[in-house]
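Q: Mind looking at a prediction? Sequence and model below.
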Amino acid sequence: MIILVMNAGSSSLKYQLYNMESEAVLAVGRVERIGMDDSILTHEPTGGIEVNRVSEILDHNEAVRKVIDILTHREHGVMASISEINAVGHRVVHGGESFKQSTLVTQEVKQEIRRLFDLAPLHNPPAMMGITGVELNLPGVPQVVVFDTAFHQSMPKESFLYPIPMVLYRRHKIRRYGFHGTSHDYVSKQAAKALGRPLEELKLVTCHIGNGASCAAILHGKTLDTSMGLTPLEGLMMGTRSGDLDPAIVPFTMNKEELTLNEVNSMLNKHSGLLAISGISSDMREIVQAMNEGDSHAKLAFDMYTYRLRKYIGAYAAAMDGIDAVIFTAGVGENSWPVRKAICEKLTFLGIEFDEERNLERSKEARYITKDGSRTSVLVVPTNEELLIARATFEIVKSS
């Protein structure tokens, strides 16, 4: 079965094409700057040469058509015909309480995703554009939606409810949902394999840390708690997001600086985090470089970032009444050895025996960065959300 995986953003469309017999990636690519006259299509067939094309791509429908055209291109394509695509899987950020698992796209499912636009106004509408684009360009091909929030729907009420009037939950479903669910799901399963133990026996803290970042307490294969909340703003300090703060800061700042709701929302989501404290960048690589060159603001940003992450790991170990392993994944988690070192060296109370040499190694496979015999293991596990989406799509389409 050939499955096309799509991840649509407001002005972008990422894709991967899989042959599910071997789970081999046939091609990867992305369309950027959708809606502009200098849109960029980047296409890389496995074993082939990367192709870059600049043209006007006005909407997601046209972007999907461009993707299909390049996948079936005589020279650069990997298929003879679009009829070879058996199904399409989509990443959808917010499923609310409506979707506890991945599901086949139907008229009712589309209506519900639209109803949830208010909960994810920057993410769900583009996902719907991607679904519509596939309907227009690949009529009759089954589509599956995989939700970032679905994996976290196992949280108990004491974890997902906020201590605010219950009427707000009943009327508007204001609660903790959590995000990066596909990544936390994938790496927890990969970690269990690397540990050689059933996932159902393990107590794990998974740390998906990139420009956006979240932690999850995974107890016996299910989410007990996770750091992101109603939106992806809550929790860890991130590239440009503040993470946790005193809610009173919002009205106080609005009053003192005469900010509108949109302005303060933009401040917390786009002008806070590493960028705000360092004053130079939201990219951890640039933060570490500046820190090593003596920049005190960069060092403060680094220290705040790692301190907050350590607090969450310790809190989640307490919430689960123990811990077997900590998992690092995503851009920062997989690639920034200084971040991992700063965190692990101050978690010795958990029984973590950090291994400096292992921490410096690079691998595309799951690997330990603790010493043999460490009571609590720490692993670096490369995430692969697209593969999880492809697998979910395969299983749902096959069974239906």
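A: Yep, it's here.
Q: Residue 28 belongs to a strand, doesn't it?
A: Yes - counting by DSSP: H, G, I helix; E, B strand; the rest coil, one finds residue 28 located in a strand.
Q: Give me the three-state assignment for the residue nearest to it when sequence neighbours are not counted.
A: Nearest residue to residue 28 in three dimensions, chain neighbours excluded: residue 16, at 4.9 Å (C-beta to C-beta, 6 or more residues apart in numbering). All C-beta spots, glycine's among them, are computed from the backbone N, C-alpha and C. Classification of residue 16 by three-state DSSP places it in strand.
Q: What's opposite residue 16 in the beta bridge?
A: Note on residue 16: beta-bridge partners residue 5, residue 28, judged by DSSP bridges.
Q: So, low pLDDT: which residues of this structure?
A: Within the chain, not a single segment meets pLDDT under 70.
Q: ok, which stretches of it are strands?
A: Assigned by DSSP state E, the strands in the chain fall at 2-8, 12-19, 24-32, 36-45, 51-57, 87-92, 103-104, 143-147, 203-209, 213-219, 222-226, 325-329, 367-368, 377-380.
Q: Find the residue at the geometric middle of the chain.
A: residue 180 (3.6 Å; C-alpha atoms, centre = their mean).
Q: That one and residue 142, how far apart?
A: Noted for residue 180: a distance of 26 Å to residue 142, by C-beta to C-beta, to the nearest Å.
Q: Same question for residue 160.
A: As judged by C-beta to C-beta, residue 160 and residue 142 stand 31 Å apart.
Q: same deal with residue 167?
A: Remark: distance between residue 167 and residue 142 (C-beta to C-beta) = 40 Å.
Q: rewinding a little: quick one, which of residue 160 and residue 142 is more surrounded?
A: residue 160 (21 against 17; other C-beta atoms under 10 Å).
Q: Can you give me the distance of that one to residue 152?
A: Note on residue 160: its distance to residue 152, by C-beta to C-beta, is 8 Å.
Q: any residues in contact with both of these two?
A: 176-177 (C-beta atoms under 8 Å, 6 or more residues apart in numbering).
Q: Count the neighbours of residue 201 for me.
A: Every residue meeting other C-beta under 10 Å relative to residue 201 is counted, giving 11.
Q: Name all residues that make contact with the closest residue to it other than its chain neighbours.
A: Counting by C-beta to C-beta, 6+ apart, residue 201 lies nearest to residue 220, which is 6.8 Å off, once chain neighbours are set aside. Contacts for residue 220 (C-beta under 8 Å, 6+ apart) come out as 199-203.
Q: again with residue 126
A: For residue 126, the contact set (C-beta under 8 Å, 6+ apart) comprises 8-10, 60.
Q: And for it, nearest residue in space, chain neighbours not counted?
A: Here the residue nearest residue 126, using C-beta to C-beta, 6+ apart, is residue 8, at 4.4 Å.
Q: show me the contacts for residue 282.
A: Contacts of residue 282 (C-beta under 8 Å, 6+ apart): 211, 239-240, 273-275.
Q: What's the local residue count around the spatially closest residue to it that is not a sequence neighbour?
A: Nearest non-adjacent residue to residue 282, counting by C-beta to C-beta, 6+ apart: residue 239, 3.5 Å away. Neighbour count for residue 239, taken as other C-beta under 10 Å: 22.
Q: Now stretch 102-112 - C-alpha only, PDB.
A: What follows is stretch 102-112, C-alpha atoms only, in PDB (Å, rounded to 0.1, in the frame of the first residue of the first chain):
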ATOM      1  CA  SER A 102      -7.100   8.400  14.500                       C
ATOM      2  CA  THR A 103     -10.100   8.100  12.200                       C
ATOM      3  CA  LEU A 104     -11.200   7.900   8.600                       C
ATOM      4  CA  VAL A 105     -12.300  11.300   7.100                       C
ATOM      5  CA  THR A 106     -16.000  11.500   6.700                       C
ATOM      6  CA  GLN A 107     -18.400  14.500   6.300                       C
ATOM      7  CA  GLU A 108     -19.100  14.300  10.100                       C
ATOM      8  CA  VAL A 109     -15.400  14.200  10.900                       C
ATOM      9  CA  LYS A 110     -14.800  17.300   8.800                       C
ATOM     10  CA  GLN A 111     -17.700  19.100  10.400                       C
ATOM     11  CA  GLU A 112     -16.200  18.400  13.900                       C
END
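Q: can you offset everything so residue one is 2?
A: Yep, numbering from 2; the last one is stretch 103-113 now.
Q: Test my guess that residue 220 contacts residue 321.
A: Yes - with contact defined as C-beta atoms under 8 Å, residue 220 and residue 321 form a contacting pair (5.0 Å).
Q: what touches both of the two?
A: residue 204.
Q: just to revisit the earlier point, isn't the residue nearest to the centre of the chain right up against residue 149?
A: Yes - contact criterion C-beta under 8 Å: residue 181 and residue 149 qualify, at 6.3 Å.
Q: How much space separates the residue of the chain most remote from its centre from residue 91?
A: Distance to the chain centre peaks in the chain at residue 257, reaching 34.6 Å (criterion: C-alpha atoms, centre = their mean). Distance, residue 257 to residue 91, by C-beta to C-beta: 42 Å.
Q: which residue packs closest to residue 45, ignoring adjacent ones?
A: residue 51 (4.6 Å).
Q: give me the number of residues near the one you found?
A: Neighbour number of residue 51 under other C-beta under 10 Å is 11.
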